[in-house]
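Visitor: Kindly return the folded structure for what I paste below:
(chains A, B and C)
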Amino acid sequence: MSDVRYTDQHEWIRLEGDEAVVGITKYAAEALGDVVFVELPASGKAVNAGGEAAVVESVKAASDIYAPVGGTVTGSNAVLEKEPSKVNEDPEGAGWFFKMKLSDKGELTKLMDAAAYAKYLETL
Amino acid sequence: MRYLPLTPDDRRVMLARIGAPDVDALFRDVPKPALAPLSAFNLPDTQGEMEVERTLSKLAARNVAAGAAPFFCGAGAYKHHVPSAVDHLIQRSEFLTSYTPYQPEIAQGTLQYLFEFQTQVALLTGMDVANASLYDGSTATAEAVLMAQRITKRGKTVLSGGLHPHYAETVETVAGLAGVVSRSPVTPGSAEDIIALIDEDTACVVVQSPDVFGLIRNLRPIADAAHAKGALLIAVVTEVVSLGLLEPPGAQGADIVAAEGQSIGNGLNFGGPYVGLFATREKFLRQMPGRLCGETVDAEGRRGYVLTLSTREQHIRREKATSNICTNSGLCTLAFTIHLSLLGEEGLTRLARINHAKAGALADRLAALPGVEVVTQAFFNEFTIKLAKPAAPVVEALAHLGVIAGVPASRLLPHDKACENLLILAATETNTDDDFAALAKALQEVL
Amino acid sequence: MSMNNQGRPTSSGEAFPASIATISGDRGLDHEEALIFELGHGATGVDLPDVKVPDARLGGQRRKSAIGLPGLSEPEVIRHYVRLSRMNYAIDAGLYPLGSCTMKHNPRLNEKMARLPGFGDLHPLAPHSTTQGALELISQLMNWLTTLTGMPAVAMSPKAGAHGELCGLLAIRAAIAARGENRKRILVPESAHGTNPATAAFAGFTVDEVPAKPNGHVDADALKAKLGPDVAAIMLTNPNTCGLFEGEVKEIADAVHAAGAYFYCDGANFNAIAGKVRPGDLGVDAMHINLHKTFSTPHGGGGPGAGPVVLSERLAAYAPVPLLVADGKGLRLIEDQAAVPAGAKPFGRMCAFHGQMGMFVRALTYMLSHGRDGVRQASEDAVLSANYILASLKDVMSAPFGDGPCMHEALFDDSFLEGTGVTTLDFAKAMIDEGYHPMTMYFPLVVHGAMLIEPTESESKASLDRFIHVLHTLATEARAKQTERFAGAPHLAPRRRLDETAAARKPVLRWKPDVLKKAAE
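Guide: Okay, here's the model as predicted:
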């Protein structure tokens, strides 16, 4: 779990070898309410750190998901197309959004680790 | 003032509770120079119902109502008979004076009829899903083009020459912002070769059937050609009663249908309010503009309806919305739904056949007149004739003889020489043999 | 004594427990109603002869399969829609405190006038010699709109407020292009109605949000700081969506004009100032007017609307076709973009034909009925009523900008509900059980859990007092954590809370005959 990093926009990113998996945190999923639809990025899409990568919709809101770091999207979670509820059920596991290849692993160190994110949540 | 319940005593008591000396104190944030005195407004003072009615009746009396003369205008708005029950029902307080159904628990009346309307439109057009109405057929067409641009991620739009020119101008104004819009040549009475204009940059092709000259088009080959190049076919219908007799666009490969529903439930009203129909395939559902009503259950398991997929709309998505639409056609939509419920399958199919028969009889009658050539060979209830002289002055002369003889094509296409002598006529179930006789007689006088 | 041998009981009997199920599923005057497709049975509500037509002139396009429409007789259709109507709340039946919607009374004379055959049965493309009365009506309405707003011109064709916004922005875009400039940014307050940024994006601009100050007013300094050679326009609502008049509007307008940009005003809140303040005097370049808000045309369950746009001298030339002109022969519409009078440079056409004539008749009827003094009085009463509500409720409900007067609507937030477990949504749903449509919720976005109340001038003082009493009590109970009314409200409406998540996850947007349903499974 020490591989997981967090942004202040409530995305998490977990490095698995050369690829990283991205999703939203439990806090974000709860704030969103019941997720009804997810718009996932296409493979090959280039993203910058903080750039829009995906959209998650609940009944009353649509939120942009930002790429935590720069890179290229290599795949997305097809399960979410049929079962958007997975985002609410298991946001930090089976409810992941997309995978990406990082252009600069060093960008990860700028993000919060689990302890820092937990502290950040207390300030909100 | 009959619409204002507050009395001077009320106002005094209310001001006292607020703690303000007078009502102008409540306008304290308005810069003094901007507070206009009553005399700044050069307008009449309050009047009673009787006086207002007198003024408006005089204005109305200066117009020639369609029902007051032999009448043959179409070109995007059609005179049909609307059963009396429709107008009674839409004037019920709970329909007339209710708001958008944002609180579904106390708006099931509105929501259920929207669900019925969406079903009716899907059935009529042969498509999978329809929205809860847009403003009218022309803005629906523009929205369809924008939707096709979003789906295909391409910017080029090709408009058929048979598309109602007002619709084409609307598309150019609105959709021209995001891409290039081109019109294929205008070929009254025949189908232009629009397939030749479709290429790999085309987002969509827009074809109206029956077209503005009345010609029934075969959409299937155009749909196939568009799909082969990765483009979409948008089918436009301005006379929705035609769907009671003709193959619907959905059975011919259309991807989006944009139509004008005015013919059912709604009067001519000098151009508005009308009702835009919008339908598409299941796979394009999330790209649809406008409101959508969906079925669900309440906390006690009872079936109910809600506005849904609102995250596409302006109040949620704001600058990323599929459109900026807020209002739909509400009461006009209800009128459509009620009229179609009264007609039913048998009624609509009979109505359509009567319309076609009337137009056929009129065409035959006019073809027999010297100096008149019927240009449209396949039509529903509207066709175009070619006169030996410019049609616009003929229509003016006929109006002075008490006949409203249709729409000269030059009114819609003033710069197309080929249209100068063309006259577009519609005949519906409201036309009688006497109307036809009057038109024929007057035409012979004028031609 | 003579005995009552009739046998008819005269006492009212024992109370009927509300929980007893009825046999029919209906309860008294509350009827459940199926879909028209479930009720259809091959009857007909319109008598038409059965005419046969040959294929000869149908171009091979005769319909091959049935449409699938249900058939019912007239009494069945009337009963169906009457029952549906009775599940709706309506202004005629009760106060509708929806902020920014202006749910005022819809006069019935409007309906009668719109249905005069000379207006209702008139074709838009009939020869001008047969429609002079209609064109005169449009001309008179244009005069009312330009006079009330102090603006020189008005574009009549937009079909709704949002459509009017688009019209205004397209005029601005054309004006900028005519100067040979390229300005792509539009400044929009964060408190703006969603149509503002949506329309700006639609018209090809990028949206730059301007923050609000803690007092609810737009941050004029921040706004001015954002001005630059790439800014096309600002979009302001005045009074703003917090119900406050932007007192710095003239300074803002001057700065905007000095920077070469335009001032678009969202006219949704015109009911606060009609007949008292002229937007033209505030430096507005374009403003749409919602005839279905300020000028009483009916809301009709969501439409139709009408959104004519008044234009300043700077923008008048760019108004879209058709243009209404008077010449020696009378009034006529110029529909041909190439045939407009010298100086006119229309940016195009917003829609087919000329606009929402049916709503024009209604709006002019209302204007003539009120007169200029009535319009002014209506605005004053609207503002008075909103302030009366604010003054009466701010001791128990939190009004973030309640220190001073509001305009025609009063804004509350959910601070007063903190720690009670009751949300703005629960509070609103409890109002339904009390017989009221909830106020606008969660808008504007600049306060938390917003509740925006606009009573309009159509409520009597007795009605306002009753409304205040109910809200005051609800708020007091919520604060005292007496939450029974709120949990799971509403309980008494035709439906309880509906599952909007299920509706969005698995959309069912139409009825399907069984054969289609099975195929889909």
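Visitor: The residue nearest the centre of chain C: which element?
Guide: For chain C, C:Cys101 is the residue whose C-alpha lies nearest the centre (Cα atoms, centre = their mean; 5.1 Å). Assigned by DSSP states H and E, C:Cys101 belongs to no helix or strand.
Visitor: Repeat that for the one 10 residues further on.
Guide: Here C:Glu111 is covered by helix C:108-114, with elements defined by DSSP H and E.
Visitor: Now that helix: buried residues?
Guide: Counting neighbours by 16 or more other Cβ atoms under 10 Å in any protein chain shown, one finds that the buried residues in helix C:108-114 are C:Leu109, C:Asn110, C:Glu111, C:Lys112, C:Met113, C:Ala114. Quick note: C-beta positions are derived from backbone N, CA and C, even for glycine.
Visitor: unless I'm mixing things up, the last one is touching C:Leu364, no?
Guide: No: the pair C:Ala114 / C:Leu364 is not scored as a contact, 10.0 Å apart, by Cβ atoms under 8 Å.
Visitor: ok, C:Pro455 - contacts?
Guide: Contact analysis of C:Pro455 by Cβ atoms under 8 Å, 6 or more residues apart in numbering or on different chains lists C:Leu95, C:Pro97, C:Ala382, C:Ser385, C:Ala386, C:Ile389, C:Leu464, C:Phe467.
Visitor: What's opposite the spatially closest residue to A:Asp18 that is not a sequence neighbour in the beta bridge?
Guide: For A:Asp18, ignoring the flanking residues on the chain, the nearest one in space by Cβ to Cβ, 6 or more residues apart in numbering or on different chains is A:Lys101 at 6.4 Å. Legend: beta-bridge partners of A:Lys101 under DSSP bridges are A:Glu19, A:Thr72.
Visitor: Tell me where the model's unsure across chain B.
Guide: For chain B, the stretches with pLDDT under 70 are B:312-326.
Visitor: domain parsing for it?
Guide: Each domain of chain B is listed here as a residue range: B:70-82+B:344-446, B:84-339, per automatic domain parsing.
Visitor: tell me the most buried of these?
Guide: domain B:84-339 (a mean of 24; mean count of other Cβ atoms under 10 Å in any protein chain shown).
Visitor: rewinding a little: wait, the residue nearest to the centre of chain C sits on C:Glu454?
Guide: Yes: contact status for C:Cys101 versus C:Glu454: in contact at 6.8 Å, counting by Cβ under 8 Å.
Visitor: Name the residues contacting each of the two.
Guide: Taking Cβ under 8 Å, 6+ apart as the contact rule, the neighbours common to C:Cys101 and C:Glu454 are C:Thr440.
Visitor: follow-up on the earlier one: now the contacts of C:Pro455 as TSV including distance to chain B and pLDDT?
Guide: As requested, the contacts of C:Pro455 are exported to TSV (distance: Cβ to the nearest Cβ, whole Å; pLDDT from 0 to 100):
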residue	distance to chain B	pLDDT
C:Leu95	11	97
C:Pro97	11	97
C:Ala382	10	98
C:Ser385	7	98
C:Ala386	9	98
C:Ile389	10	98
C:Leu464	8	98
C:Phe467	13	98
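Visitor: and these, which two are the farthest apart?
Guide: Maximum pairwise distance among these (Cβ to Cβ): 14.8 Å, between C:Ala382 and C:Phe467.
Visitor: Those two - which one has more neighbours?
Guide: C:Ala382 (28 against 24; other Cβ atoms under 10 Å in any protein chain shown).
Visitor: I'd like to know how far that one sits from C:Pro455.
Guide: Note on C:Ala382: its distance to C:Pro455, by Cβ to Cβ, to the nearest Å, is 7 Å.
Visitor: Close to chain B: what parts of chain A are there?
Guide: With Cβ under 8 Å from any Cβ of the partner chain as the criterion, chain A comes near chain B at residues A:Val36, A:Phe37, A:Glu57, A:Ser58, A:Val59, A:Lys60, A:Ala61, A:Ala62.
Visitor: Repeat the analysis, applying 6 Å as the threshold.
Guide: Applying the criterion Cβ under 6 Å from any Cβ of the partner chain, the portion of chain A that neighbours chain B consists of A:Glu57, A:Ala62.
Visitor: Averaged over its residues, which helix or strand of chain A has the lowest pLDDT?
Guide: Least confident helix or strand, chain A: strand A:62-66 with a mean of 87, by mean pLDDT, DSSP states H and E.
Visitor: mind saving the C-alpha coords of it as PDB?
Guide: What follows is strand A:62-66, C-alpha atoms only, in PDB (Å, rounded to 0.1, in the frame of the first residue of the first chain):
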ATOM      1  CA  ALA A  62     -20.900  15.500 -12.800                       C
ATOM      2  CA  SER A  63     -17.300  15.700 -11.700                       C
ATOM      3  CA  ASP A  64     -14.100  15.700 -13.600                       C
ATOM      4  CA  ILE A  65     -11.400  13.300 -12.700                       C
ATOM      5  CA  TYR A  66      -7.900  14.700 -13.200                       C
END
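Visitor: in its sheet, what does it sit against?
Guide: Sheet pairing for strand A:62-66, using DSSP bridges, gives strand A:52-58 (antiparallel).
Visitor: for the strand it pairs with, the distance to its chain's centre please.
Guide: Centre-to-centre, strand A:52-58 and its host chain are 10 Å apart (Cα atoms, centre = their mean, to the nearest Å).
Visitor: and it, average pLDDT?
Guide: Averaged across strand A:52-58, the pLDDT comes to 90.
Visitor: Just the buried positions in that strand, please.
Guide: Quick answer for strand A:52-58 (16+ other Cβ under 10 Å): A:Ala53, A:Ala54, A:Val55, A:Val56, A:Glu57, A:Ser58.
Visitor: and which of those is nearest to chain B?
Guide: Using Cβ to the nearest Cβ, A:Glu57 is the member of the buried residues of strand A:52-58 that sits closest to chain B, with 4.3 Å.
Visitor: separation between that closest one and B:Gly330?
Guide: Using Cβ to Cβ, A:Glu57 is found at 26 Å from B:Gly330.
Visitor: now C:Ser65
Guide: For C:Ser65, the distance to B:Gly330 under the criterion Cβ to Cβ works out to 31 Å.
Visitor: What of B:Gly176?
Guide: B:Gly176 is 29 Å from B:Gly330, where distance means Cβ to Cβ.
Visitor: can you list the residues of the stretch 101-250 of chain B near chain C?
Guide: B:103-110, B:112-113, B:116, B:118-119, B:122-123, B:129, B:135-136, B:138-139, B:166-167, B:169-170, B:173, B:177, B:216, B:245-247.
Visitor: among those residues, which are in strands?
Guide: B:Val129 (DSSP state E).
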